[in-house]
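Q: Sequence and predicted structure are below.
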Amino acid sequence: MPMQLSILLTSKYRLLSLAAIVDVFETANRFLKEEGKRELFEISFVGATDTTMIPDNFRHLAYVLLGNGQAYDIIFIPAFGPVDMAQALEDNKCFIPWLHEQYARGATLASNCTGAFLLAASGLLDDRRATTHVDAAEKLAAYFPKIKLEQDAVVTHDANIYTSGGATSGFHVMLALIQKCCGRELAIRIAKNFAIDMDRENQSYFGQFSPVEAHDDELVMRVQHKIKNQFPELKSIEEAIAGIPASRRNFVRRFKQATGLTPIRYLQKTKIEAAKRLLENTEKGLFEIMLCAGYNDMKNFRQLFKENTGMTPKAYRDKFAMRFEPII
């Protein structure tokens, strides 16, 4: 019997995530057929509306409504696009009872990237390991404090529930499931076909610091602007908040409420992000980059850089420095 694999057609799903799931498992079926074996995965979409939302290229796959009575072996939740996550969860809450039902019947649940938010909203990730896109991890933890967030993890697996990190990390959760269902040999063949590096164990170096500035706290905004414009000269957070007409304790609370970070963490992320950009786009030496980022102790700088990225500055430059010839 083929395994029933369903993909949720959530509201505001990311098309790239959807396409990757279909492509990988259809390729697995094709490879199995080439080896003289039966196709293992019967792929379908599950949606909440009578009007199908399947892109034209996937019209050959079945579309069924929630509550159809079908039991599934594997259920994928694709990533969400760049949307208001609170609204996305509200728009997709209709899937939550169905996920509970399918999980109780033995289904393996898997989320790609920010699809983990819907799994977390269901409560099925409470007290379980989970990951998501590195830039969305702090929001996931704030929304759902009961989950055991592994922010740097590429894939997590806990009690038959899989989650993956951002974007291409979704390929790794698919490889894990293909290895589980079909064996390592086919997983390796899929990895080679899609040019997936199987040794990725950390996603923190993909993170990008994008400060939250869409708030109405003028005092917090004043300090944010000071950090943005003067971070190389700021040696401590006390220098950044000097002159603010509020107690330190009260201001730290207001700052974290507005930005999601403490002022110290915010300053640190700003400096490390500046160092990352210099490593990516210049040939400056590490000592000069350290000074430009606002640090004066190399040991401390290396330690903080690795804590934030999972890599040494040299390894980061080796991975991300631009090496393409300019197009004239």
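A: Great, that's in hand.

Q: Return the residues in contact with the residue nearest the centre of the chain.
A: The residue at the geometric middle of the chain, judged as the C-alpha nearest the mean C-alpha position with C-alpha atoms, centre = their mean, is His133 (1.0 Å). Contacts were defined as C-beta atoms under 8 Å, 6 or more residues apart in numbering; by that measure His133 touches Ala79, Cys113, Thr114, Gly165, Gly166, Ala167. All C-beta atoms are positioned from the backbone trio N, CA, C, and that covers glycine.

Q: Just give me the neighbour total for Lys146.
A: The local packing count at Lys146 equals 11, with neighbours defined by other C-beta atoms under 10 Å.

Q: Assign the residue nearest to it when sequence neighbours are not counted to helix, strand or coil.
A: For Lys146, ignoring the flanking residues on the chain, the nearest one in space by C-beta to C-beta, 6 or more residues apart in numbering is Asp126 at 4.2 Å. Under the three-state scheme (DSSP: H, G, I helix; E, B strand; the rest coil), Asp126 adopts coil.

Q: Confirm for me that Asp126 is in contact with Leu149.
A: No. If you go by C-beta atoms under 8 Å, Asp126 and Leu149 don't touch, sitting 11.9 Å apart.

Q: Counting neighbours, go ahead and name the busier of those two.
A: For Asp126 versus Leu149, neighbours defined as other C-beta under 10 Å are more numerous around Leu149 (21 against 13).

Q: And the residue nearest to the more buried one when sequence neighbours are not counted, how close does it get to Met311?
A: Using C-beta to C-beta, 6+ apart and skipping residues adjacent in sequence, the residue nearest Leu149 is Ala141, 4.7 Å away. Distance of Ala141 to Met311, computed by C-beta to C-beta, to the nearest Å: 22 Å.

Q: can you give me the helices for the stretch 151-300 of the chain?
A: Per DSSP state H, counting those that start in this stretch, the stretch 151-300 of the chain carries helices over the ranges 170-182, 184-193, 218-230, 237-241, 248-259, 263-281, 286-292, 298-309.

Q: Show me what counts as buried in the fourth one.
A: Spelled out, it's helix 237-241. When neighbours are counted by 16 or more other C-beta atoms under 10 Å, the buried residues of helix 237-241 are found to be Ile237, Ala240, Ile241.

Q: Who are the packing partners of that helix?
A: Using 3 or more C-beta pairs under 8 Å, 6 or more residues apart in numbering; DSSP states H and E as the contact criterion, the secondary-structure elements in contact with helix 237-241 are helix 218-230, helix 263-281.

Q: buried set for the first one?
A: Buried positions in helix 218-230, judged by neighbour count with 16+ other C-beta under 10 Å: Leu219, Val220, Val223, Gln224, Lys226, Ile227.

Q: same check, this time on the longest one
A: Within helix 263-281, the residues scored as buried using 16+ other C-beta under 10 Å are 263, 265-276, 278-279.

Q: Return the closest of these with respect to His60.
A: Within the buried residues of helix 263-281, distances to His60 taken as C-beta to C-beta reach their minimum at Lys276, with 43.3 Å.

Q: ok, the closest one touching Tyr316?
A: Yes. Under the contact definition of C-beta under 8 Å, Lys276 touches Tyr316, with a separation of 6.6 Å.

Q: how about Leu261, what does it touch?
A: With contact set as C-beta under 8 Å, 6+ apart, Leu261 has these partners: Glu138, Phe255, Lys269.

Q: Just give me the neighbour total for Pro145.
A: Here the neighbour count serves as a burial measure; for Pro145 (other C-beta under 10 Å) it reads 9.

Q: host element of it?
A: Using DSSP states H and E, Pro145 falls within no helix or strand.

Q: outside of stretch 137-152, which residues touch it?
A: Counting contacts by C-beta under 8 Å, 6+ apart, the residues outside stretch 137-152 that touch it are 85, 116-117, 120-121, 125-132, 134, 156, 158, 202-204, 260-261, 310.

Q: got it, and stretch 65-74?
A: Surrounding stretch 65-74, the residues in contact under the criterion C-beta under 8 Å, 6+ apart are 3-6, 41, 46-50, 64, 94-95, 98, 102, 105-108, 110, 177.

Q: Might you specify the subset of the residues you listed located within helices?
A: Phe95, Trp98, Gln102, Leu177 (DSSP state H).

Q: Flag every buried residue along the host helix or strand of Val22.
A: For Val22, the element it lies in under DSSP H and E is helix 15-34. Using 16+ other C-beta under 10 Å as the test for burial, helix 15-34 gives 16-18, 20-22, 24-29, 31-32.

Q: Stretch 59-79 too?
A: The neighbour-count criterion (16+ other C-beta under 10 Å) identifies Tyr72, Asp73, Ile74, Ile75, Phe76, Ile77, Pro78, Ala79 as the buried residues of stretch 59-79.
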